[in-house]
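[1] A structural model of the following input is requested.
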Amino acid sequence: MNPEPITQRKISSALISVYYKDGLNKIVTQLHKLGITIYSTGGTQKFIEELDVPCIPVESLTTYPSILGGRVKTLHPAVFGGILGKRDDDTHLREMKQYNIPEIDLVIVDLYPFEETVRSTTDEKGIIEKIDIGGPSMIRAAAKNHASVVVVAAKKDYALLEGILEEQNGETSLEQRRMFAIKAFDVCTGYDMAISNYFNGTAFPEPFNKTKTILRYGENPHQQGIFYGDLHKLFDQLHGKELSYNNLVDVDAALHLIAEFKSCNDPRGLKVASGAGDVRETAEFPSVGGDIREATFAIIKHTNVCGIASREHLKDAWDAALAGDPESAFGGVLVCNAPIGTDTAQAINEIFFEVLIAPSFDEDALEILKTKKNRILLVQKAEITGTSQYRSVLNGILMQDTDTGNYAEWKEVGGRETKPGEKADLLFANLVCKHLKSNAIALVRNRQLIGKGCGQTSRIDALKQCMEKAGQFQSNLEGAVLASDAFFPFNDCVTIAHGAGINAFIQPGGSIRDNDSIDYCKKNNLAMVITGVRHFKH
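    Here you go, the predicted model:
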């Protein structure tokens, strides 16, 4: 008869084999104090022995030395039998005794730094040597047998293990072992994904070996939400509550948008897509008449831009962005590309918002903005660097390149050339339209969004929506420009917009009926630019 399963188990032996030794000394010392037998290999064994802690080399179990240049050290029944043997199975216990296989109760293993190696070299032989074989095998074996074995697969979990060893005198509960097992499987998943990406030449995100944050809930309260990744690399949170699922989605949209207006010295709007997503500048494309390389402020709501403007001073940019749609700004996510000063903070402080992202905050500005305890204030430290986007569909995953750049060509096809001020507004409008859900139309005047239509099932509905928005807040459309994220299938949008006072248009072209809109512009002396780049966003 098999013995009853035991949920609380005391660690009697441990196998330790790690690439990075930092932080390991405390655990080794703890294990020694608890009288736990330690098995190890190679550099880890040497590290442990230098701490004056006795250590049994794995070779004494396997009777084989490390061979093939270190490729084979632990791949042996004496090691894996000790990890995988079920402590509540009489047959397993008999066989382990028969073959002199000791029980291994704790496995501490990290993995060769494959991703770091890929980032630091193009030498394929060196990269392949950093594909760990024994490490993932031991981790998976220990995680599989978590009913009896504790597995620690990342140094960030050392502190957690230290606390358990100290507080519980070397004992662990089934719940704790299961927790470590889940973490271990996540590490293996991320590692395998990174290797697969290397050989496939893809860059699929490797979230499962990153920081895991449990969110309050998902998009709605009845949905669970988890974020995998390291937010601290992107920004520091200076104030406010924890970021929610919806906050994170809008913050992502905000950072992608403001990256188009990176700084006063980086005219991102002049950079254009070329070939397979390359970005280039060329003298054959127009220089802006009005400088879009100014302070830019944007307001995001449900991932759409509801207000954005560029001005010489940030406070003026905020005022103009808010004026475009003060109603939708309520509860939004705010982002800018210049430091927040006192005057800007005082103006922003007058409305309710969820999140504010800036490169920095003056001390006085910060004090003003901290008066509302739940406001989330973020200092952006880095840009989002991913070049691919992903979406789960149909029990699978879609992957695409990130939509970079503004236009691939600047083709003046209307009844006249665009004026310098119009060029600046058209560049600005096209970037803004790129960040609206399709079908999308953006109306801009003097580098200020004054009307937007987004998420509509027809382009003409998007136009009507943005004209209604402009009228709602008394924005004058005379002299405004219009950007469309996709081609005009008919001339109806151009005709309606012209009737409202709009005289310059920018669109990708590509319709078999492009000439309908082009001919209308020629007959009515209107400017039209064809960009050659569609900016659908679903």
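[2] C-alpha from now on. contacts and neighbour counts both.
    Noted.
[3] do you know how far residue 110 is from residue 137?
    Distance of residue 110 to residue 137, computed by CA to CA, to the nearest Å: 11 Å.
[4] in what helix or strand does residue 397 lie?
    Per DSSP states H and E, residue 397 falls inside strand 396-401.
[5] And the next helix-or-strand element following that strand, what does it pack against?
    For strand 396-401, the following helix or strand on the C-terminal side (DSSP H and E) is strand 411-412. If you count contacts as 3 or more CA pairs under 8 Å, 6 or more residues apart in numbering; DSSP states H and E, strand 411-412 packs onto strand 527-530.
[6] where does the strand it packs on sit relative to the chain's centre, distance-wise?
    The chain centre lies 35 Å from the centre of strand 527-530; the measure is CA atoms, centre = their mean, to the nearest Å.
[7] Send me it as PDB with only the CA atoms.
    Output in PDB follows, covering the C-alpha atoms of strand 527-530 (Å, rounded to 0.1, in the frame of the first residue of the first chain):
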ATOM      1  CA  ALA A 527      -4.800  70.900 -52.500                       C
ATOM      2  CA  MET A 528      -4.500  67.100 -52.200                       C
ATOM      3  CA  VAL A 529      -1.500  65.000 -51.200                       C
ATOM      4  CA  ILE A 530      -1.200  61.300 -51.900                       C
END
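[8] strands paired with that strand, and their directions?
    strand 411-412 (antiparallel), strand 504-507 (parallel) (DSSP bridges).
[9] Highest mean neighbour count out of those strands?
    Among the strands paired with strand 527-530, ranked by average contacts under mean count of other CA atoms under 10 Å, first place goes to strand 504-507 (a mean of 27).
[10] Check the burial of residue 398 by counting its neighbours.
    Number of residues near residue 398 (other CA atoms under 10 Å) recorded here: 10.
[11] what's the spacing between the biggest helix by length in the chain and its chain's center?
    The longest helix of the chain (DSSP state H) is helix 174-200. A distance of 19 Å separates the centroid of the chain from that of helix 174-200, by CA atoms, centre = their mean.
[12] After that helix, which helix or strand is next?
    strand 212-214.
[13] From the contact counts, what lies against that next one?
    strand 226-228.
[14] in the following helix or strand past the strand it packs on, what counts as buried?
    Per DSSP H and E, the first helix or strand lying C-terminal to strand 226-228 is strand 235-239. Of the residues in strand 235-239, 235, 237, 239 count as buried by neighbour count, 16 or more other CA atoms under 10 Å.
[15] Would you state the helices of the stretch 1-150 of the chain in chain order?
    All helices of the stretch 1-150 of the chain, identified by DSSP state H, counting those that start in this stretch, fall at 24-33, 42-49, 59-62, 77-84, 90-98, 114-120, 124-129, 134-144.
[16] now the fifth one against helix 77-84, angle please.
    So the one you mean is helix 90-98. 140 degrees (axes from the mean of the first three to the mean of the last three CA atoms, to 10 degrees).
[17] Send me helix 90-98 as PDB with only the CA atoms.
    Extracted in PDB, the C-alpha atoms of helix 90-98 (Å, rounded to 0.1, in the frame of the first residue of the first chain):
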ATOM      1  CA  ASP A  90       6.400   2.300  -3.200                       C
ATOM      2  CA  THR A  91       7.600   1.100  -6.600                       C
ATOM      3  CA  HIS A  92       9.500   4.400  -7.200                       C
ATOM      4  CA  LEU A  93      11.000   4.200  -3.700                       C
ATOM      5  CA  ARG A  94      12.200   0.600  -4.200                       C
ATOM      6  CA  GLU A  95      13.800   1.400  -7.500                       C
ATOM      7  CA  MET A  96      15.500   4.400  -6.200                       C
ATOM      8  CA  LYS A  97      16.900   2.300  -3.400                       C
ATOM      9  CA  GLN A  98      17.900  -0.500  -5.800                       C
END
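[18] of residue 110 and residue 137, who's got more company?
    When residue 110 and residue 137 are compared for neighbours, residue 110 comes out ahead with 24 against 15, by other CA under 10 Å.
[19] For that one, give its distance to residue 521.
    Residue 110 is 65 Å from residue 521, by CA to CA.
[20] Can you tell me which of the strands paired with strand 527-530 is nearest to residue 194?
    For residue 194, the closest of the strands paired with strand 527-530 is strand 504-507, at 38.9 Å, according to CA to CA.
[21] follow-up on the earlier one: for the helices of the stretch 1-150 of the chain, which one sits closest to residue 382?
    Closest to residue 382 of the helices of the stretch 1-150 of the chain is helix 114-120 (CA to CA; 18.3 Å).
[22] Pull out the buried positions in that closest one.
    So helix 114-120, judged by 16+ other CA under 10 Å, has buried residues 114, 117-118.
[23] can you put those residues in a markdown table and add distance to residue 307?
    Output for the buried residues of helix 114-120, formatted as a markdown table (distance: CA to CA, whole Å):
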| residue | distance to residue 307 |
| --- | --- |
| 114 | 44 |
| 117 | 43 |
| 118 | 41 |
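[24] For residue 353, grab the count of nearby residues.
    Using other CA under 10 Å, residue 353 is surrounded by 19 other residues.
[25] Distance of the closest residue to it other than its chain neighbours relative to residue 108?
    Nearest non-adjacent residue to residue 353, counting by CA to CA, 6 or more residues apart in numbering: residue 331, 4.1 Å away. To residue 108, residue 331 is 47 Å away according to CA to CA.
[26] check contacts around residue 464.
    Applying CA atoms under 8 Å, 6 or more residues apart in numbering to residue 464 gives the contacts residue 453.
[27] Quickly note the distance from it to residue 538.
    Distance from residue 464 to residue 538, by CA to CA: 20 Å.
[28] what does residue 519 give?
    Taking CA to CA, one finds residue 519 at 30 Å from residue 538.
[29] Who has more neighbours out of those two?
    Between residue 519 and residue 538, counting by other CA under 10 Å, residue 519 is the more crowded of the two (16 against 8).
[30] where's the more buried one relative to residue 485, distance?
    From residue 519 to residue 485 the distance is 20 Å (CA to CA).
[31] for residue 326, same thing?
    Applying CA to CA, the value for residue 326 to residue 485 is 24 Å.
[32] These two: which has the busier surroundings?
    residue 485 (30 against 16).
[33] so the more buried one makes contact with residue 437?
    No: applying CA atoms under 8 Å, one finds residue 485 not in contact with residue 437, separated by 9.1 Å.
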